[in-house]
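Asker: sequence first, then the predicted structure, then my questions.
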Amino acid sequence: GQQLNQSPQSMFIQEGEDVSMNCTSSSIFNTWLWYKQDPGEGPVLLIALYKAGELTSNGRLTAQFGITRKDSFLNISASIPSDVGIYFCAGRDGAGGTSYGKLTFGQGTILTVHP
Amino acid sequence: GAVVSQHPSRVICKSGTSVKIECRSLDFQATTMFWYRQFPKQSLMLMATSNEGSKATYEQGVEKDKFLINHASLTLSTLTVTSAHPEDSSFYICSARMATGANVLTFGAGSRLTVL
């Protein structure tokens, strides 16, 4: 089946630093999504990417959909303590039918921000 | 915005009992709901896709007789863990896709199951 490799697994940074994480896939996805999950909560969507090559920003977050459709990265600029959490990439293929919308998740990046 | 509610948020049960988890779309209709399982410090693994009015589609390796899914209405899907064992202890998360056609998924806050 499809697999997503997300790196790094964890990051320890100082407040104010920039952060970068990425995901690569063995197969093509039509949509890339980036989520943040706080402890004991469900994932919350940060950025959605729908076109190869697309670069999208949401405040201090920037993400890109790789031109090959097999990779994506997420950058966080000027990190703050509330950025702490687990970040997941997710890919969605174009398969239709009753499984339309099905996501495959990366392993997650645990971000710790020291004040 | 779209809100998905899961209940209960936490449940502790004895081994051998069955537990039902509800996933409700509060302000929209969901033709499709997805159930995920997440073990500590791991990713979300899709268990099954639930479509209103039809049988759920289970991922490879997920026992359909153990994890019963019912999607009887456009706003409610339930996951029942039957004859639960300690290894079923996990965080179960649902997501719902709007029936309007927009391919937007909203996740619930998750349900923490602990089987003693």
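Answerer: Perfect, I can see it now. Nothing here was measured: the structure is a model prediction, and the numbers come from that model.
Asker: what distance do you get for residue B:40 to residue A:30?
Answerer: For residue B:40, the distance to residue A:30 (Cβ to Cβ, to the nearest Å) stands at 31 Å. For the C-beta atoms, the positions are set from N, CA and C on the backbone; glycine is no exception.
Asker: compare these two (neighbour count), which wins?
Answerer: Neighbours per residue (other Cβ atoms under 10 Å in any protein chain shown) separate residue B:40 from residue A:30, with residue A:30 holding more: 16 against 7.
Asker: mind listing the strands for the chain?
Answerer: Here I'm looking at chain A. A:4-7, A:10-14, A:19-25, A:31-37, A:44-49, A:55-58, A:61-65, A:71-76, A:85-92, A:103-105, A:109-114 (DSSP state E).
Asker: that's the other chain; I wanted chain B
Answerer: Under DSSP E, chain B gives strands at B:4-7, B:10-13, B:19-25, B:30-38, B:45-51, B:57-58, B:67-73, B:76-81, B:90-98, B:105-107, B:111-115.
Asker: please save the CA atoms from stretch A:40-49 in CSV.
Answerer: These are the backbone C-alpha positions of stretch A:40-49, laid out as CSV (Å, rounded to 0.1, in the frame of the first residue of the first chain):
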residue,chain,number,x,y,z
GLY,A,40,-5.4,14.0,23.5
GLU,A,41,-7.0,15.8,20.6
GLY,A,42,-7.8,15.1,16.9
PRO,A,43,-5.7,16.5,14.1
VAL,A,44,-6.5,20.0,12.9
LEU,A,45,-5.9,21.0,9.3
LEU,A,46,-3.2,23.6,8.8
ILE,A,47,-2.7,23.8,5.0
ALA,A,48,-4.2,22.0,2.0
LEU,A,49,-2.3,21.7,-1.3
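Asker: which residues does residue A:7 form beta bridges with?
Answerer: Beta bridges link residue A:7 to residue A:22 when assigned by DSSP bridges.
Asker: and it, how many neighbours does it have?
Answerer: Neighbour tally, residue A:7, other Cβ under 10 Å: 14.
Asker: coming back round to it: tabulate the strands of chain B (CSV), appending distance to residue A:7, mean neighbour count and mean pLDDT.
Answerer: Output for the strands of chain B, formatted as CSV (distance: least, Cβ to Cβ, whole Å; neighbours: other Cβ atoms under 10 Å in any protein chain shown; pLDDT from 0 to 100):
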stretch, distance to residue A:7, mean neighbour count, mean pLDDT
strand B:4-7, 29, 18, 96
strand B:10-13, 32, 14, 97
strand B:19-25, 31, 21, 96
strand B:30-38, 19, 24, 92
strand B:45-51, 19, 22, 92
strand B:57-58, 30, 18, 94
strand B:67-73, 31, 17, 92
strand B:76-81, 31, 21, 96
strand B:90-98, 23, 24, 92
strand B:105-107, 23, 23, 88
strand B:111-115, 28, 19, 97
